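>>> Dropping the sequence and predicted coords here.
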Amino acid sequence: MEKNVVEKTLVVLKPDAVQRGIMGEIITRFERAGLKVVAVKMVAPDEKHFHDHYEGISKLISRWGEEIYRITLSHMSEGPVLAIVLEGVEAVAHVRKMVGATDPKESAPGTIRGDYTHVTRAYTNERSGTLPNILHASGDVDEASQEIALWFDESEVYNYKAPHESTVHGQVPKKQ
């Protein structure tokens, strides 16, 4: 028997999404898919916060090197970001599918990156530039838990019942 599959996941709308004014459109896509926003805030994290996120949790420096980390840090510091916690059935995998591949070139039309980005990793790498790919989404359930704890205090994540949850999650027929 399956355990409770209602999960929380972190999404961070990066400075390029904020600067382009497409935050509402992106949040709307998640809500239309039936995901519930349980926390949201605009922040401009410092380097320590980004290091805790990108190396402490994601191991970006360990996997890709200091230069990639510095480029990522430069991009994430271009302006404020919007941190969001979404909740839903298998939310981590569902959000990853909606977001698309990290490299916009590999993101299918219909995904958020496929619809809102076009600059490729090859183009940006050749110029040692940043990769404007709109957002970050947690990679797995464990990462989501760690990231949410880094970005939000427990008191900032809300537990509430939305009127449409039984419709979105499916109803359990009453026994007769």
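Structure's in. What do you need?
>>> Next up, the contacts around Met98.
Contact criterion C-beta atoms under 8 Å, 6 or more residues apart in numbering gives 29-30, 33, 111-112 as the residues in contact with Met98. Using the backbone N, CA and C atoms, a C-beta is placed for each residue, glycine as well.
>>> Kindly report the same for Tyr158.
38-39.
>>> now it: how far from Trp64?
35 Å (C-beta to C-beta, to the nearest Å).
>>> Equivalent analysis for Val6, please.
32 Å.
>>> Am I right that Val85 falls within a strand?
Yes - residue state for Val85 (DSSP: H, G, I helix; E, B strand; the rest coil) corresponds to a strand.
>>> Confirm for me that Gly88 is in contact with Val11.
No - judged on C-beta atoms under 8 Å, Gly88 makes no contact with Val11 at a distance of 11.8 Å.
>>> Could you check which of the two is surrounded by more residues?
Val11 (26 against 22; other C-beta atoms under 10 Å).
>>> Check for me that the more buried one belongs to a strand.
Yes - counting by three-state DSSP, Val11 is part of a strand.
>>> Contacts only, for it.
Counting by C-beta under 8 Å, 6+ apart, Val11 has contacts 30, 83-86, 95, 99, 135-138.
>>> What is the burial count for the closest residue to it other than its chain neighbours?
With sequence-adjacent residues excluded and distances taken as C-beta to C-beta, 6 or more residues apart in numbering, Val11 is closest to Ile84, at 4.6 Å. For Ile84, the count of nearby residues is 25 (other C-beta under 10 Å).
>>> just Glu25 next, same as before
For Glu25, the neighbour count with other C-beta under 10 Å is 13.
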